[in-house]
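S.K.: Fold the following for me, if possible:
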Amino acid sequence: MTDKHIVVVGAGLMGTGITHAFLASGHHVTLVDTQAAALDKARQSIEKIFSDGVRLGKMSDVDVSAALARMTCADRLQPASSETALVMETVTENLLSKQAIVREAEACFKAGTVIATNTSALSITEIASAAKAPSHVIGMHFFNPVHKMKLVEIVRGLETSPETVARARAWCAAIGKTSIEVNEAPGFTTSRISALLGNEAMYMLSEGVASAEDIDTSLRMAFNHPMGPLELGDMTGWDTRLAVLQYLHQTLGEKFRPCPLILKLVKAGRHGRKTGRGVYEYDDKGVKIPNSGVKAF
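M.R.: Sure thing, here's the model as predicted:
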């Protein structure tokens, strides 16, 4: 079996980034989403990342053309050739949605195809319970923006096989990522720490400890973080952050109770960059508008 054909399910930020990463490393990728507009936006974003690479001298126009020629789009999962080796699920952080993808993928592709989920907090074991062969289901947690972030968490469920882990780590190496292996636990390593940090930053903002800009500046300058926790929440999406915190609160206890300000933002539709407004506001190119941070309330 060749490991050169990848199917990515979900054309959001993570699906777009993961598709680009595999295309750039010579893989053939089918990107699946039920929304044609999402597929069009994903292709445009991938083309933009590639064009930036050409401008920076990291690749040639010929390389870009070849990479884009390896990309196809589809509005649903379809039975594919035996060359399909990995189905990478990146849909919303909802257990039932992810289980449905696992069942559908297992029905579409041959035995032995690895089904990976990009969940940032949900149980791999629970997601894999929807499969007849849970040994082939694994967590591959990428980080946004995928083309800049080097880490992938490889998360082993209760029945994930050593062979599946080895194959997942080999894919990470092939696309230039560093992988770490995590035994399943709520929030894994990174989401657990990041959720706690972002939640506390929101409590500080709501209490009037400091402005959004100053909270983010403090983390960048004092701890050398490339991005402040409120900026990061805007990039990730506060709806996604809220779902993760609610799950961690349910499984790990009171210290993960979501800050009420996060609930207010989500109810107001201020999900972050993808909606143009989160803690900060953004122009039509996704650039943060200075001094636009929400006030404490």
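
S.K.: drop to CA atoms for contacts and neighbour counts, all remaining ones
M.R.: Fine.

S.K.: Give me the domain ranges for this protein.
M.R.: Per automatic domain parsing, the domain ranges recorded for the chain read 5-183, 190-275.

S.K.: Report the strands that pair with the helix or strand containing Met88, each with its relative direction.
M.R.: With elements delineated by DSSP states H and E, Met88 resides in strand 84-89, which encompasses its position. Take DSSP bridges as the rule and strand 84-89 pairs in its sheet with strand 5-9 (parallel), strand 114-117 (parallel).

S.K.: for those strands, which one ends up most surrounded?
M.R.: strand 114-117 (a mean of 28; mean count of other C-alpha atoms under 10 Å).

S.K.: just checking, what packs against the helix or strand that comes right after that one?
M.R.: Later in the chain than strand 114-117, the nearest helix or strand by DSSP H and E is helix 124-128. Applying 3 or more C-alpha pairs under 8 Å, 6 or more residues apart in numbering; DSSP states H and E, one finds that helix 124-128 contacts helix 95-108, strand 137-141.

S.K.: what comes into contact with helix 124-128?
M.R.: By C-alpha atoms under 8 Å, 6 or more residues apart in numbering, the surrounding residues in contact with helix 124-128 are 95, 98-99, 102, 117, 134, 137-139, 155-159, 184.

S.K.: can you list contacts of the strand holding Met88?
M.R.: Counting by C-alpha under 8 Å, 6+ apart, strand 84-89 makes contact with 1-10, 15, 98, 101, 105, 109, 112-118, all of which sit outside it.

S.K.: Please find the angle between the direction vectors of it and strand 137-141.
M.R.: Our comparison of strand 84-89 with strand 137-141, counting by axes from the mean of the first three to the mean of the last three C-alpha atoms, to 10 degrees, yields an angle of 60 degrees.

S.K.: Just the CA coordinates for strand 84-89, please, in CSV.
M.R.: Listed next in CSV are the C-alpha coordinates belonging to strand 84-89 (Å, rounded to 0.1, in the frame of the first residue of the first chain):
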residue,chain,number,x,y,z
THR,A,84,-6.0,5.9,-0.1
ALA,A,85,-4.1,5.3,3.1
LEU,A,86,-5.2,8.1,5.4
VAL,A,87,-8.6,9.7,6.1
MET,A,88,-8.0,12.9,8.1
GLU,A,89,-11.1,14.2,9.9
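
S.K.: chain center to it, what's the gap?
M.R.: Between the mean C-alpha location of strand 84-89 and the chain-wide mean there is a distance of 15 Å, by C-alpha atoms, centre = their mean, to the nearest Å.

S.K.: Quick one: mean pLDDT over that strand.
M.R.: Mean pLDDT, computed over strand 84-89, is 94.

S.K.: need the strands paired with strand 84-89 in CSV with mean pLDDT and distance to His20, can you?
M.R.: Output for the strands paired with strand 84-89, formatted as CSV (pLDDT from 0 to 100; distance: least, C-alpha to C-alpha, whole Å):
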stretch, mean pLDDT, distance to His20
strand 5-9, 95, 10
strand 114-117, 97, 17
